[in-house]
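Peer 1: The amino acid sequence is not available; the structure is as follows:
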């Protein structure tokens, strides 16, 4: 009979699901869940972030007095919890909001994590943080920028990264300074993909620039993971904007650089909004074709011997890659979260939540170029900020703005190849 | 008689499952199996019984998902109101799409359905009102029980179980009706069926519309459970492929095939991801892909055929010319 | 203005030639064996990685990478045929989707496991820079791919229509039993067809690698284009794939320039659907 076999199969399926049982938490280990894209098109981000969090774990769990004022580095483990060690449980969101939510549930109920960090893509952060909210577990996103994330009235949700309104302020001030230095900045082209990141950031920048009295914004949208971008480059070539602002992921950023070279197009000032342009793969692939591109970044290596330079070194040993803004923000978010757990002196979610709300980190305690970390009622870090960096030699970004943090002076016009 | 005994054993197991395996993750896994079983059973009506391999069924899934989330996000209604809305949308779309495409043969029909689904995904991605690429969210903090936003998977589980039972009952009723008789005839040979006076075009269209309606219900339930839909998760072609694979893996054209497929693939996917996903080496999909390949290679008719002595569907179709040398996939070893 | 338009059309033609190039292998097996190969995009991806490995290990450019990619993929094609395709061909169409989709995941994530998920790229100007004349600019690597696309199409067409091997392959495609009675071994013919198709796909990948990025998931981006190209051209028609590829390339390029890039794929799909309405067998397919 058919149904007999159906029963057998169902039993087998049930038994296999019974195998998914969580290990009981060991003493003196604080588990933190990290939901990251570890397969699919953005998997390289997940791999880099994993290496960064492993470096952070090393810094926290072992004594690193050379890192100076960085919280948690000096002694081994968490002082507030009697030297307890931190363990990150990684989970793959597979680029799917549903999988992200399933994994958040598993981390909370099976792995018994004290808090969750995640989930890179805004849509997945949205669904997975909803589960954390229902269970009353702190959820911190170091990366996702969608505006609606902090507009949901959540009490357990925190975000350390700068978001689109911060970008508007940074770009506006930067372009004003460049104008003062003699560059033309009258017409600006916004080139962006049609993903949630590209569309929302471009919209915020367009309306923000309008408010600040910057006219002449040209909007050029394209479909993500394009097979061809010649038409867009030709449009730019024809419209001759003074500034081109690129809001693109790695795949399209590489293709844009190649296409701009083959069609011989160089805008006077090329400014990139982080993302693909920060990916070390971008520099390896087409850095030499993109000399002089400006980029937003909260990360700068700093002079050798400085904590950030030491961390960059550790990261390179671990992953073989140069440290970049994307992984830096991951690491910073993780430090903020663990610092709160340390101050809470407990893994009780409510105490961690209270500690997160009381967070007040100064720039000297951070690895990133934020003006500090302090959350508003919605959980957004109000002191998040960024530098502008430039790929002057086609191999390494150097920070060029604001002047106070600049290692070198900005070079204009855009050199290309 | 024995048939009824086994049916009640399965039903009893399905009802008792969340009590036997009561951790939140296991309960959710159970609910997900049922959800995908609903979608795959809905697909089975047109893809299995009618033999029209639609690879773009996600478009109907998306109708339901967007209607449910839209009801809440746009009109402040309970997502439940989206279910009838989604059904109307899906059936209407199925009629519009079905009339021209169902007359296409074999692969061309599959390709046309992919094109329809991709067009829809791109249009929604660029439509501000539907949330564009950002997507639409459901209620996170439920206002009342009708918002269907629960912490536990238990309510979802029993809701999905009831709807799966209804879906299977409809399918069973259909196969035993005149329509099922026509569908079998069409699947064997459309030309022969036509010459014997079976209304081939109309029957296929009805099956397509029925399948679309049920798929949209699955989409609406999916969106309610996860509280979110965006173009990729609601209209991405991978969702259709996943649904299709579940039905094919269990046994397309068999009443319980899709359920078996879902009961194997959903836990396989979630568990391999839980065990291997965090390593970040892509091993989840190496395992997943290898298992699918092995099943296709050694059991092309679906797993249900492997375990049933008379598993081979009586009306074995030679849809493709190359299947003339049919090995009788269903013969038990 | 019109000048830019000429550049847009040239760009579209070159793009279309590339589409045709990586679709020719798909149309061959689809038409000859009625097999939907969902792993096709991943064959292209493998070709790209072979070319990349040849470059990084031996410093060889496309002159070495392209033939090697052809050879490696042709071998893989034979292995896949005897290991999987021969058996799933006997099953229903669903088994073919199941099998080739599983194969796609297996290939994609094996590469992922071995090479990681980082974006890779061949060095710029590996084929030779950009030709400029009369203000128009053509990238050498794309031109090379375009020329090879024409040659491959011509070669496959001649093979199928002018050689005895081609007639034997077509005979098997037409009626296996009859072909067998005439002393043709279907297994051998179909294995050869798979070798040729996979080889052509590997060649396409190696040439595309010169101007595209390389990543394990790149097959997803390219695979669906190949599907549309092949069905527009007519399953099994190699010249059809060329015409369809060029058509899609130009339409994408023009609509991307004139209407907006986010709408160009919608234009292609809608035109494709309309086209199927009037000519359900594709551009050059048999009824």
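Peer 2: Perfect, I can see it now. Fair warning: this is a prediction, and the values are worked out from it, not measured in the lab.

Peer 1: Let's verify residue A:161: helix, strand, or coil?
Peer 2: coil (DSSP: H, G, I helix; E, B strand; the rest coil).

Peer 1: and it, what are its phi and psi?
Peer 2: According to degrees, to the nearest 10, the main-chain angles of residue A:161 amount to phi -70, psi 150.

Peer 1: Contacts only, for it.
Peer 2: Shown in contact with residue A:161 (Cβ atoms under 8 Å, 6 or more residues apart in numbering or on different chains): A:141-145, A:298, A:329, A:333, A:381, A:384. In this view, the C-beta of every residue, glycine as well, is placed from N, C-alpha and C.

Peer 1: again, 6 Å this time
Peer 2: A:142-143, A:329 (Cβ atoms under 6 Å, 6 or more residues apart in numbering or on different chains).

Peer 1: Turn those residues into TSV, columns for neighbour count and secondary structure.
Peer 2: As requested, the contacts of residue A:161 are exported to TSV (neighbours: other Cβ atoms under 10 Å in any protein chain shown; DSSP: H, G, I helix; E, B strand; the rest coil):
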residue	neighbour count	secondary structure
A:142	29	coil
A:143	22	coil
A:329	28	helix
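
Peer 1: Out of these, the closest to residue A:352 would be?
Peer 2: Nearest to residue A:352 among those: residue A:142, at 16.0 Å, using Cβ to Cβ.

Peer 1: does that closest one really touch residue A:330, like I thought?
Peer 2: Yes - using Cβ atoms under 6 Å, residue A:142 is in contact with residue A:330, at 5.0 Å.

Peer 1: Let me see the ranges of the helices in the stretch 51-200 of chain B.
Peer 2: Using DSSP state H, counting those that start in this stretch, the helices found in the stretch 51-200 of chain B span residues B:58-75, B:82-101, B:106-125, B:154-175, B:178-188, B:190-195, B:200-226.

Peer 1: okay, the ones you listed, which one's buried deepest?
Peer 2: Counting by mean count of other Cβ atoms under 10 Å in any protein chain shown, helix B:58-75 has the highest mean neighbour count of the helices of the stretch 51-200 of chain B, with a mean of 27.

Peer 1: Could you confirm whether any residue of it contacts chain C?
Peer 2: No - with Cβ under 6 Å from any Cβ of the partner chain as the criterion, chain C is not reached by helix B:58-75; the gap is at least 12.0 Å.

Peer 1: same for that helix, what does it pack against?
Peer 2: helix B:82-101, helix B:106-125, helix B:200-226, strand B:228-229, helix B:231-235 (3 or more Cβ pairs under 6 Å, 6 or more residues apart in numbering or on different chains; DSSP states H and E).

Peer 1: Could you confirm whether the last one reaches chain C?
Peer 2: No - between helix B:231-235 and chain C, judged by Cβ under 6 Å from any Cβ, nothing touches; the nearest distance is 12.1 Å.

Peer 1: buried stuff in whichever helix or strand comes after that helix?
Peer 2: With elements assigned by DSSP states H and E, the helix or strand that comes after helix B:231-235 is helix B:237-250. Across helix B:237-250, burial judged by 16 or more other Cβ atoms under 10 Å in any protein chain shown covers B:237, B:239-250.

Peer 1: near chain C, which residues of the stretch 201-350 of chain A show up?
Peer 2: When proximity is defined as Cβ under 6 Å from any Cβ, the stretch 201-350 of chain A approaches chain C at A:221-223, A:225, A:228, A:230-232, A:234, A:238, A:250-251, A:254, A:262-263, A:281, A:285, A:289.

Peer 1: For the helices and strands packed on helix B:58-75, give me JSON lines that also has distance to residue C:192 and mean pLDDT.
Peer 2: Shown next, in JSON lines, are those (distance: least, Cβ to Cβ, whole Å; pLDDT from 0 to 100):
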{"stretch": "helix B:82-101", "distance to residue C:192": "34", "mean pLDDT": "93"}
{"stretch": "helix B:106-125", "distance to residue C:192": "23", "mean pLDDT": "91"}
{"stretch": "helix B:200-226", "distance to residue C:192": "38", "mean pLDDT": "93"}
{"stretch": "strand B:228-229", "distance to residue C:192": "47", "mean pLDDT": "93"}
{"stretch": "helix B:231-235", "distance to residue C:192": "40", "mean pLDDT": "92"}
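
Peer 1: The ones you listed: which one's closest to residue C:20?
Peer 2: Minimum separation from residue C:20 across the helices and strands packed on helix B:58-75 (Cβ to Cβ) falls at helix B:106-125, 17.2 Å.

Peer 1: what does the closest one rub up against?
Peer 2: Defining contact as Cβ under 6 Å, 6+ apart, one finds that helix B:106-125 is touched by A:194, B:52-56, B:58-59, B:97, B:101, B:104, B:130, B:133, B:231, B:235, B:237, C:231, C:265-266, C:269, C:272-273, C:276, C:280.
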